[in-house]
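Novice: Next input, structure requested:
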Amino acid sequence: MESETLIVQALLDQGGLLGVVGAISFVWSLFFNKQNKDNNSEISEKEKALSSKIEELKDKYEERIKIFEKDILELKKDLHHKNEEVSDAYVERIDDLKNLISDYHTLATDTSQTLEKIKFYLMGNEYGKKNN
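Specialist: Residues are numbered from 1 along each chain as shown. This is a model prediction of the structure:
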């Protein structure tokens, strides 16, 4: 009977939710469908032991599932928060780039105007020299 316990434990440990169903059906087929009436009292004791073991493992895995669900929710909140931070950083970068482009445009315009004034001044001085 130790081999059946190992099978049930393996189903529960590695099978997840389907393993629980498989373990229950395995226990059912082992203990409820036996033809030998002489072993009924022994079977019912082993059935109770396996049932209690199954219940313990089921409770253990349900608790693990709750912990995982809580962790998943926390991770989703963290991810959402990080996405908001990244989005805010992108918006700030875009605003900074807009300001840089605006400053560059202003500088280029001012430089162009200054060069035009210098050109006008230089051309005016040469025009004045030709007329004198």
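Novice: Check which helices and strands the helix or strand that contains Ala108 is in contact with.
Specialist: Secondary-structure element containing Ala108, defined by DSSP states H and E: helix 40-131. Applying 3 or more Cβ pairs under 8 Å, 6 or more residues apart in numbering; DSSP states H and E, we find helix 40-131 packed against helix 2-31. Using the backbone N, CA and C atoms, a C-beta is placed for each residue, glycine as well.
Novice: Show the average pLDDT along the helix it packs on.
Specialist: Average pLDDT, helix 2-31: 71.
Novice: Next: stretch 74-87.
Specialist: Across stretch 74-87, pLDDT averages out at 95.
Novice: Give me the neighbour count for Leu50.
Specialist: Neighbours of Leu50 under the rule other Cβ atoms under 10 Å: 22.
Novice: Skipping adjacent residues, who's closest to it in space?
Specialist: Val27 (5.4 Å; Cβ to Cβ, 6 or more residues apart in numbering).
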